[in-house]
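*Asks:* pasting the sequence and the predicted coordinates here, then a few questions.
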Amino acid sequence: MKKPIGSFVIVGLKILLSAIVLYLLFTVVTPAEIAATFHDAEAGWVIAAIALIPVQVAFRSFRWRVLLRSGDVSVTLRAATDVVLMGHAFSSVTPAEIGDFVARVNLRGATSRSLVVALTIADKVCHSAGVLTLGLPSLIFLLTAQAFWALGVLVFLCVLWWTVYRFRSATEFLLRIVPTGIRGMIERVIGSLIAVPTNAIVRAGLLTGATLIVFAVQEYTLLRSVTTVGMVDAWNGFWSGMAVRSVFPFFLGDLGIREATHIYFFGRVGVPANEALSVSLMMFAVNTVTPAIAGLVVFLRRPSPNSS
């Protein structure tokens, strides 16, 4: 009984936190303003964002398959895609991307669950490293208006990721300055990443970059559907929010947090709050709800474990 009760508590906690944040946001922007913005949105830009959904799902599926095959886990692209879509569905109602993690760990045909766990961690590390590499320079630039510092942060992060991955002595040095309480968790994460062959990491990194660029293009098209904004401003606003949100899925998910960062960071580049919030909700529908529905369909159509 403890396990299902605990699961319900976790799901309820995420829903409660998201509801509180969204309630506070809707005291800033009224539902009527949101409805008016949706009504005036240009359909062509929205359709362009929707058309990119299969592209970003394909890139994420290719990345997952690359990592699995690096661990000698034989899996088809269709099976990898099914797992990615089911992860969307499960993580929609669980904090900390627990649902996505469970979907990947229970991969059918895997000979070693511990190996799949390690590769799942490596996949999450690749994604988070990509978000921080692209997001932190934009965040620094947006807050300081200094391109020099943004470029410096970008170079520093690229050198840091490669050093941590490539040189064990550097990794051990960095771990010495980490608080003891979280050192073990970080060691397991880095160990999972180091265990992946270099060529697989490079390919996974390139696929991560491609996925994140698709996200940015979707954001820009949705912004253009409701307002006129420059590509540089859209880029900095989007990636600044991504950098801040990258820490929240490890706790309680980003629903509500995503909307708040949209209002704040796009507000800094001149986008009104009602338009920024509308774009955030459309992004949620395009990149979370739609793949989640597809994942639920995949889950319901799976053969039961007892079927022959």
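*Replies:* Everything's here; your move.
*Asks:* name the helices or strands packed onto the helix or strand containing Leu296?
*Replies:* Under the criterion DSSP states H and E, the helix or strand holding Leu296 is helix 290-301. Using 3 or more Cβ pairs under 8 Å, 6 or more residues apart in numbering; DSSP states H and E as the contact test, the elements touching helix 290-301 are helix 53-70, helix 77-91. From N, CA and C alone the C-beta is placed, and that goes for glycine too.
*Asks:* and for Ile67, the neighbour number?
*Replies:* One thing to correct before we go on: residue 67 is Leu, not Ile. Leu67 is flanked by 27 other residues according to other Cβ atoms under 10 Å.
*Asks:* so what's Thr133 up against?
*Replies:* Residues touching Thr133, when contacts are defined by Cβ atoms under 8 Å, 6 or more residues apart in numbering, comprise 154, 157-158, 161.
*Asks:* narrow the residues you listed to just the buried residues.
*Replies:* Buried subset of the contacts of Thr133 (neighbour count, 16 or more other Cβ atoms under 10 Å): 154, 157, 161.
*Asks:* mind checking which of those are in strands?
*Replies:* Per DSSP state E, strands hold no members of the buried ones among the contacts of Thr133.
*Asks:* just send those residues back as JSON lines, with distance to Ala51 and pLDDT too.
*Replies:* Output for those, formatted as JSON lines (distance: Cβ to Cβ, whole Å; pLDDT from 0 to 100):
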{"residue": "Leu154", "distance to Ala51": "30", "pLDDT": "71"}
{"residue": "Leu157", "distance to Ala51": "31", "pLDDT": "74"}
{"residue": "Trp161", "distance to Ala51": "32", "pLDDT": "70"}
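*Asks:* among these, which lie within helices?
*Replies:* Residues of the buried ones among the contacts of Thr133 located in helices (DSSP state H): 154, 157, 161.
*Asks:* for the helix holding Leu296, buried residues please.
*Replies:* Neighbour counts over helix 290-301 (16+ other Cβ under 10 Å) mark 291-292, 294-296, 298 as buried.
*Asks:* can you redo these as CSV with distance to Ser114?
*Replies:* Supplementary listing: these in CSV, determined by distance: Cβ to Cβ, whole Å:
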residue, distance to Ser114
Pro291, 27
Ala292, 28
Ala294, 29
Gly295, 24
Leu296, 28
Val298, 25
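*Asks:* which of those residues lies closest to Arg69?
*Replies:* Lowest distance from Arg69 to those (Cβ to Cβ) belongs to Val298, with 21.0 Å.
*Asks:* relative to Val153, how far out is the closest one?
*Replies:* Distance from Val298 to Val153, counting by Cβ to Cβ, to the nearest Å: 39 Å.
*Asks:* one more: Trp235?
*Replies:* Trp235 sits 15 Å away from Val153 when distances are taken as Cβ to Cβ.
*Asks:* before we move on, back to that, which residues are in contact with the helix holding Leu296?
*Replies:* Under the contact criterion Cβ under 8 Å, 6+ apart, helix 290-301 has outside partners 50, 53, 57, 82, 84-90, 92, 103.
*Asks:* chain center to it, what's the gap?
*Replies:* The gap between the average C-alpha position of helix 290-301 and the chain average comes to 18 Å, counting by Cα atoms, centre = their mean, to the nearest Å.
*Asks:* again, but for stretch 75-89
*Replies:* For stretch 75-89, the gap between its own C-alpha mean and the chain's C-alpha mean amounts to 16 Å (Cα atoms, centre = their mean).
*Asks:* please apply the same query to stretch 127-146.
*Replies:* The chain centre lies 15 Å from the centre of stretch 127-146; the measure is Cα atoms, centre = their mean.
*Asks:* over to stretch 32-50?
*Replies:* In terms of Cα atoms, centre = their mean, the centre of stretch 32-50 is found 23 Å from the chain centre.
*Asks:* please shift the residue numbers so they start at 29 in all later answers.
*Replies:* Shifting the count to begin at 29 puts that one at stretch 60-78.
*Asks:* any buried residues in it, and which?
*Replies:* Per 16+ other Cβ under 10 Å, stretch 60-78 contains these buried residues: 61-62, 65, 69, 73-74, 76-78.
*Asks:* same question for stretch 307-318.
*Replies:* In terms of neighbour count (16+ other Cβ under 10 Å), stretch 307-318 has its buried residues at 307-312, 314-316.
*Asks:* check stretch 99-108 too.
*Replies:* By neighbour count with 16+ other Cβ under 10 Å, stretch 99-108 contains the buried residues 99, 101, 103, 107-108.
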